[in-house]
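>>> Turn this into a structure:
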Amino acid sequence: MSYMATLFIKNMVCNRCIMVVQHEMDKNGIQIKDIKLGEVTLENELSVEKKKAIDKSLTLLGFEIIDDKKSRIIEQIKNVIIEQVHYHDDDAKVNLSEVLISNLHHDYNYLSNLFSEVEGTTIEKYFIAQKIEKVKELLVYDELSLSEIAFQLNYSSVAYLSNQFKKVTGLTPSHFKQIKDDKRKPLDEV
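This next block holds a predicted model:
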């Protein structure tokens, strides 16, 4: 009888990361039931040797298997925020605390305090940093106006987006758009 095991993986922040981890698992003969940002559900539990081998090969690629509960929760918070900001194109206004509670099944105060304690910043600041990275991406693609970007990312106004953008980057969105010299950070460095 087989049962599932879950590996929590740090630095898995984009669809390309999912493909890389999937490839590494396939290469090592590990059968996957499901894979998503930061989490791989396996068909079977791994032996200690197999887990060490996959951890070593993933580490060489910039990933890391997370074993302690607090680190797993932090990584899950980050992945929920990344998913929400970068991969959800719905225009519905979402309450971040409700999204985190429903995905992680913990009280928001616990999540917030844990995140601040471990990361040295608040969930809100991390969320804003991710949104600003998304704004940069959309500005570089140059397909949407600033008001369309503000609407898509649920800013109350273009002025509010511009103020927040300048506060985080030191530049106005229009100045950033002019220089376009790849001020974007990889998602795992935000």
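
>>> Only C-alpha atoms from now on, for both contacts and neighbour counts.
Fine.

>>> quick one: low-confidence ranges for the protein?
In the predicted model, the chain carries pLDDT under 70 at residues 1-4, 89-93, 181-190.

>>> what's the domain layout of it?
For the chain, automatic domain parsing gives the domain ranges 5-67, 71-189.

>>> now the residue nearest to residue 32 when sequence neighbours are not counted, which residues is it bridged with?
Nearest residue to residue 32 in three dimensions, chain neighbours excluded: residue 42, at 4.4 Å (C-alpha to C-alpha, 6 or more residues apart in numbering). Beta-bridge pairing for residue 42 (DSSP bridges): residue 5, residue 32.

>>> ok, back up a step: using a markdown table, lay out the domains of the chain together with mean neighbour count.
Formatted as a markdown table, the domains of the chain follow (neighbours: other C-alpha atoms under 10 Å):
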| stretch | mean neighbour count |
| --- | --- |
| domain 5-67 | 16 |
| domain 71-189 | 16 |
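
>>> so the residue nearest to residue 32 touches residue 25, yeah?
No. Applying C-alpha atoms under 8 Å as the test, residue 42 and residue 25 come out as separate, 9.6 Å apart.

>>> Pull the distance from stretch 16-24 to the chain's centre.
Centre-to-centre, stretch 16-24 and its host chain are 15 Å apart (C-alpha atoms, centre = their mean, to the nearest Å).

>>> Mind listing residues that contact it?
Residues from elsewhere that reach stretch 16-24 (C-alpha atoms under 8 Å, 6 or more residues apart in numbering): 12, 32, 35-37, 54, 57-58.

>>> For residue 77, state which of those is nearest.
Closest approach between the contacts of stretch 16-24 and residue 77, by C-alpha to C-alpha: residue 37, at 10.8 Å.
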